[in-house]
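Peer 1: Requesting a structural model of the entry that follows:
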Amino acid sequence: MISLKRQDGGRRADAGFVLVVVLALCLTLALIGAIVARQIRSEIRDRAALTSVAEAEAAADAGVALVLADWMATAPENGAGARFVPGQGPTHCRFARAALSIDVASAAGKVPLNTDNAELLATLFAGLGAAPADARTYADRVIDWQDADTTPLPAGAERETYLSASASKTGQPPPPPRDANFEAVSEIDQVLGLPKPLVTAAKPWLTVYGTGDGIDPAAAAPRLVAILARGAARLGGFDSSAAEGQFSDGPALPDRLVARVLRPVLEITVSAELGPARRFVRTAAIEPTNEGLKLRDWAQGNGDAAGAAEGTDGGDLPACGI
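Peer 2: So this is what the prediction gives:
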């Protein structure tokens, strides 16, 4: 009888051990299943996000094509009568499911970075709030960064100044000036001594496609003309209200700041948005020529461009079609 009890107790212990193993196996399988399900959900979200970005990119590209079609259909030479007029500000509309913000600017209506007109650059900086003496210093620094010589302007900075400047966070001095043209407006960040807030404020009004040493007020945004008029007054006592305008009905500018470009480069920025964190910005630079429109630049813009209708799918906007 004693041995029978022991055998029966052993069977119960074995059964309990098997039950524990089965439960552990079930828990392991459940854990594996949960991990796999989480990975699948993550992959689905990632694929959906990629699809949304691709859709937003296609919509932004369509916005650029819309501007070019409108421009060519109205007046290939100067875009007279076009729907998307340089300097008028963003146009908000809907393309498919995307909300678009389409902005067209003329390089002739912006301040050229690759200029030797220090007065023009200083006027912009002064109009944006820099003290007159500082504005002239910043202008000399910008010109020294891109001019071909290695002789600094009175308040400028060439290679030696950059090399002797205090080291950055990386422990290295700032890179020396290129002594060649700016290739992108963002490169102004590399100019020594310019305050970051001023640079941020100046970037929308600068271009690397300008071909003259001034701006065409008729092609410029009214806000830029006002900034330059204010800067001219701060630098040299220029009274824009007492002068006659050039090519526009806005405030006049000193003649030293004005130039007329017959075929300026068009700078197109299209922001396409499908909802929060689903935005794509396309930038393009188009040059009118005798042979047609020439593509100068095609790039993905940064996220600073304003969305057409942030947080919406564009359903409450008018269609973009001509």
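
Peer 1: CA atoms for contacts and neighbours, from now on please.
Peer 2: OK.

Peer 1: Run through the stretch 201-322 of the chain and note the low-pLDDT ranges.
Peer 2: Applying pLDDT under 70 to the stretch 201-322 of the chain picks out residues 237-251, 277, 303-315, 322.

Peer 1: Walking through it, point out its helices one by one.
Peer 2: Assigned helices in the stretch 201-322 of the chain, in chain order: 222-236 (criterion: DSSP state H, counting those that start in this stretch).

Peer 1: ranges for the strands of it?
Peer 2: For the stretch 201-322 of the chain, applying DSSP state E, counting those that start in this stretch gives strands covering 206-207, 266-273, 279-289, 292-300.

Peer 1: got the CA positions of the last one in CSV?
Peer 2: Written as CSV, here are the backbone C-alpha positions of strand 292-300 (Å, rounded to 0.1, in the frame of the first residue of the first chain):
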residue,chain,number,x,y,z
GLY,A,292,11.7,77.6,-73.7
LEU,A,293,11.9,77.0,-70.0
LYS,A,294,15.2,75.7,-68.6
LEU,A,295,15.3,73.9,-65.3
ARG,A,296,18.0,75.4,-63.0
ASP,A,297,17.2,73.5,-59.8
TRP,A,298,14.8,70.8,-58.6
ALA,A,299,15.0,69.9,-54.9
GLN,A,300,13.2,68.9,-51.8
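
Peer 1: now for that strand, which elements pack on it?
Peer 2: In terms of contacts (3 or more C-alpha pairs under 8 Å, 6 or more residues apart in numbering; DSSP states H and E), strand 292-300 is packed against strand 279-289.

Peer 1: So what are the sheet partners of the strand it packs on and their directions?
Peer 2: Using DSSP bridges, the strands paired with strand 279-289 are strand 266-273 (antiparallel), strand 292-300 (antiparallel).

Peer 1: Deepest-packed of those strands, please.
Peer 2: Ranked by mean neighbour count under mean count of other C-alpha atoms under 10 Å, those are led by strand 266-273, which reaches a mean of 28.

Peer 1: Run the chain-centre distance for the helix or strand hosting residue 122.
Peer 2: For residue 122, the host element (DSSP states H and E) is helix 118-127. Here helix 118-127 is found 22 Å from its chain centre; the criterion is C-alpha atoms, centre = their mean, to the nearest Å.

Peer 1: Leaving out the residues flanking it, which one is nearest to residue 302?
Peer 2: residue 281 (6.5 Å; C-alpha to C-alpha, 6 or more residues apart in numbering).

Peer 1: before we move on, what about residue 296?
Peer 2: Closest to residue 296 by C-alpha to C-alpha, 6+ apart is residue 285, at 5.1 Å.

Peer 1: For that neighbour, which residues are in contact?
Peer 2: Taking C-alpha atoms under 8 Å, 6 or more residues apart in numbering, we find residue 285 in contact with 265-268, 295-298.

Peer 1: go on, residue 60?
Peer 2: Counting by C-alpha under 8 Å, 6+ apart, residue 60 has contacts 100, 270-272, 280-282.

Peer 1: can you check residue 284 too?
Peer 2: So residue 284 contacts 64, 267-269, 295-299 (C-alpha under 8 Å, 6+ apart).

Peer 1: Mind doing that once more with 7 Å?
Peer 2: By C-alpha atoms under 7 Å, 6 or more residues apart in numbering, residue 284 lies in contact with 267-269, 297-299.

Peer 1: ditto for residue 138
Peer 2: Contacts of residue 138 (C-alpha under 7 Å, 6+ apart): residue 194.

Peer 1: so which of the strands paired with strand 279-289 comes closest to residue 148?
Peer 2: strand 292-300 (23.0 Å; C-alpha to C-alpha).

Peer 1: circling back to that earlier point, of the strands of the stretch 201-322 of the chain, which is nearest residue 182?
Peer 2: Of those, nearest to residue 182 by C-alpha to C-alpha is strand 206-207, at 9.3 Å.

Peer 1: on contacts alone, who are the packing partners of that closest one?
Peer 2: Applying 3 or more C-alpha pairs under 7 Å, 6 or more residues apart in numbering; DSSP states H and E, we find strand 206-207 packed against strand 111-112.

Peer 1: that older thread, now render the strands of the stretch 201-322 of the chain as TSV, adding distance to residue 73.
Peer 2: Below are the strands of the stretch 201-322 of the chain laid out as TSV (distance: least, C-alpha to C-alpha, whole Å):
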stretch	distance to residue 73
strand 206-207	26
strand 266-273	16
strand 279-289	14
strand 292-300	12
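
Peer 1: Give me the distance between the residue nearest to residue 302 and residue 175.
Peer 2: Separation of residue 281 from residue 175 (C-alpha to C-alpha, to the nearest Å): 29 Å.
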